[in-house]
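Colleague: let's see this in three dimensions:
(2 chains, ligands or ions: 2)
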Amino acid sequence: MITFDRVTKRYPDGTVAVDDLSLEVPTGGITVFVGPSGCGKTTSLRMINRMIDPSEGRVLLDGVDVTTVDPPTLRRGIGYVIQQAGLFPHRKIVDNVATVPQLLGWDRRKARDRAMELLERVGLDTGLANRYPFQLSGGQQQRVGVARALAADPPVLLMDEPFSAVDPIVRASLQDELLRLQAELHKTIVFVTHDIDEAVKLGDRVAVLQVGGHLAQLDDPATLLARPADGFVREFLGRDRGIRRLSFVPGAGLGLRGDLTVPVSADVASARGTAEPWLAVVDPDGGPLGWAATAGLPESGTFEAVPLAPYGTFVRDRDSLRAALDAALLSPSGNAIAVDDSGRAEGVVTREVLDEALVLAAREASRVAGETRADEGPGEAGGAREAADGR
Amino acid sequence: MDGEPLVRWDWIWRNWSTGRAGSIDSLLQQHVVMALLPVVLGLVVALPIGLACVRWRWLYQPTAGLMNVVYALPSLPVFMLLLPATGLGPATVIIPLSFYGVAVLIPAVVDGIASVPDHVRQSAVAMGFTPLRRLLRVELPIAVPVVLAGLRVVAVSSISLVSVGALIGQGGLGNLFTDAFKRDFPTPAVVGIVLIVALALLVDGLLLAAQRLLTPWQRARGSA
Ligand SMILES: Nc1ncnc2c1ncn2[C@@H]1O[C@H](COP(=O)(O)OP(=O)(O)OP(=O)(O)O)[C@@H](O)[C@H]1O
Ligand SMILES: [Mg+2]
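Modeller: Ligands and ions are numbered 1, 2, ... in the order given. The predicted model follows:
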């Protein structure tokens, strides 16, 4: 566990980057520091590995004041990933990854083996091991950065906007990769970002910081979206707060209709006379092909000959209500096709079912928002709220 | 003119290697030593001073200013100044050339270390490098291309500057110029110019090759 105990950082020029910050980063979870530029995220993060020392207060790592530990020793036990990856341009990828093990005095062979193992772990082709950083794409470099931070298996990982310099698609895959790794490794991760969507996606807990280094709110993402502590947080969370909250409602509970799918090889005659305006056509493997309008079906033949409208899918076991809603909005039928992990259609979620689920989600959201904080002591979130309101 | 050809090949053959002082090959040898020794000395002196300037930033401005003054000094008066102390030996030439080397290489070392991207330095700190190890394993290796670029400038200019030493009889191949003037005989001058230029190109090429070898991580930068 990492504890910020009334930490203030004042730079020599008088700038107060962090102001009386108290919070706890629980072991084995991802805590995200999010906030606008200049709110003190990097400063806070760097006080953990002593790249910056606090002006007042203490930062404790498992109960030990970090300022009592020799910086290089402390840092070798804390992984660190930054935006431009910070790879050493003059070292091959494998040597970059093996850096900390080598600093720790592992023998060369063992350090290299470990590096190769980690390259695979983060989803990189080990054929890249003997390249130099400039020969890799930005996304690949970030993966190397993550592998390097993990090389000596540190219990703590600090990540400062690690994915913000890559394009959105690569960013999404890096985020998924991080979540997958974390599910295996259970590191204590402090992740800094200014992107609230990233914060909400990755964080077990999200700390929203305000310029001047005030903690505005610390909560799990669903609660944060449902119940922003004040106007600043509400504004920072942005417009689609309601929709984004749906990301935390699982789609697995949605009722399926099995009678709205037809194989593409079926005779159109089989569909004649149905009251349903749309049918989901699937290929012989069960993969969705599109929606067929029953009103315009030809006289005879199979569904091969029927023009199909676009469709959207969501993975029922894994995706959220938000994904289901998105899938429904992508088809003219207004229905979503639920698929399993291998992409086979399991059935259709109709508008009516979605509607019901949305109403339930909305009720739940307002229940959370209205809830008193009886479950919490005079904790940091409440204190921060007062501090923020008192401004 | 009197029909004297620009180059008399037979003169070159006769004087290439006579085994006596003043033969072309011995002048060449002398030239190489007097030109390259200052480069090495310059680097050895500039490296710690440059690193000190990086460590204590306030040192850099005065040092750079002083070095500019040194660089601006014309070589001839410096030779004269040194004569009483070092006499007519090669040291009289090697010492000022070394100073020129230092003057060029201090900024090269400082710029080289400054060329280490900040995020690279930060991540070295964050990974737990001690300052000395960071210098040796991260900063200096990354500074190599900039330092080598400075070294190439110093080497080439040093090779050309040695010839000025001919004025005190310590000019290596430069002695061929004074010889040519004294005797109104162009062949030695032509030989001197050709050999000096060839030597400069050769040394520059070797340093370039060394840079390629030392910094494979840089090679494809331009074309990548
Ligand atoms: N070395 C420094 N000297 C003086 N002020 C500094 C220094 N480093 C940061 N600051 C100031 O402290 C404040 C917090 O900086 P910090 O880098 O922690 O912000 P951040 O939240 O990481 O911002 P960003 O999202 O832009 O990275 C800013 O106002 C910044 O200008
Ligand atoms: Mg920052």
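Colleague: could I get the full set of helices for chain B?
Modeller: For chain B, helices defined by DSSP state H occupy the ranges B:9-16, B:24-55, B:60-72, B:75-86, B:91-114, B:118-127, B:131-134, B:140-161, B:175-183, B:186-214.
Colleague: shouldn't residue A:346 be within a strand?
Modeller: Yes. Checked against DSSP: H, G, I helix; E, B strand; the rest coil, residue A:346 lies within a strand.
Colleague: what sits against it?
Modeller: With contact taken as CB atoms under 8 Å, 6 or more residues apart in numbering or on different chains, residue A:346 is in contact with A:256, A:316, A:338-340. Where C-beta positions appear, they are placed from N, C-alpha and C, glycine not excepted.
Colleague: try it again with 10 Å
Modeller: By CB atoms under 10 Å, 6 or more residues apart in numbering or on different chains, the residues touching residue A:346 are A:256, A:258, A:261, A:286, A:313, A:315-317, A:337-340.
Colleague: just curious, which of these is nearest to ligand 1?
Modeller: residue A:315 (33.5 Å; CB to the nearest ligand atom).
Colleague: give the contact list for that closest one.
Modeller: A:251-252, A:323-324, A:327, A:338-343, A:346.
Colleague: just want the most central residue of chain B.
Modeller: residue B:155 (2.6 Å; CA atoms, centre = their mean).
Colleague: residues contacting that residue?
Modeller: Contact analysis of residue B:155 by CB under 10 Å, 6+ apart lists B:35-36, B:38-40, B:42, B:101, B:148, B:199-200, B:203-204, B:206-207.
Colleague: what is the burial count for whichever residue of chain B sits closest to chain A?
Modeller: Residue of chain B nearest chain A, by CB to the nearest CB: residue B:123 (3.0 Å). The tally of other residues near residue B:123 (other CB atoms under 10 Å in any protein chain shown) stands at 25.
Colleague: quick one: pLDDT of residue A:387?
Modeller: We have a pLDDT of 40 for residue A:387.
Colleague: distance of residue B:57 from ligand 1?
Modeller: Between residue B:57 and ligand 1 the computed distance is 15 Å (CB to the nearest ligand atom, to the nearest Å).
Colleague: can you pull the contacts of that residue?
Modeller: Shown in contact with residue B:57 (CB under 10 Å, 6+ apart): residue B:110.
Colleague: what pLDDT does it get?
Modeller: Residue B:57 is given a pLDDT of 92.
Colleague: next one: residue B:170
Modeller: Note on residue B:170: pLDDT of 84.
Colleague: what do you get for residue B:188?
Modeller: According to the prediction, residue B:188 has pLDDT 89.
Colleague: can you tell me how far it is from ligand 1?
Modeller: In this view, residue B:188 and ligand 1 are 63 Å apart by CB to the nearest ligand atom.
Colleague: what does residue A:50 give?
Modeller: For residue A:50, the distance to ligand 1 equals 15 Å [CB to the nearest ligand atom].
Colleague: I figured that residue hits residue A:77, correct?
Modeller: No. If you go by CB atoms under 10 Å, residue A:50 and residue A:77 don't touch, sitting 11.6 Å apart.
Colleague: who touches both of the two?
Modeller: Contact criterion CB under 10 Å, 6+ apart; residues shared by residue A:50 and residue A:77: residue A:69.
Colleague: neighbour count: the two, which is higher?
Modeller: More crowded of residue A:50 and residue A:77, by other CB under 10 Å: residue A:50, with 20 against 17.
Colleague: tell me the contacts of that one?
Modeller: Contact analysis of residue A:50 by CB under 10 Å, 6+ apart lists A:59, A:66-67, A:69-72, A:74-75, A:78, B:125-126.
Colleague: how far is the helix or strand encompassing residue A:75 from where the chain is centred?
Modeller: Using DSSP states H and E, residue A:75 falls within helix A:71-76. What separates the centre of helix A:71-76 from the centre of its chain is 28 Å, taken as CA atoms, centre = their mean, to the nearest Å.
Colleague: is chain B within reach of it?
Modeller: Yes. Using CB under 10 Å from any CB of the partner chain, helix A:71-76 reaches chain B at A:71-76.
Colleague: picking up where we left off before, of the contacts of residue B:155, closest to residue B:138?
Modeller: Taking CB to CB as the measure, residue B:138 lies nearest residue B:148 of those, at 17.3 Å.
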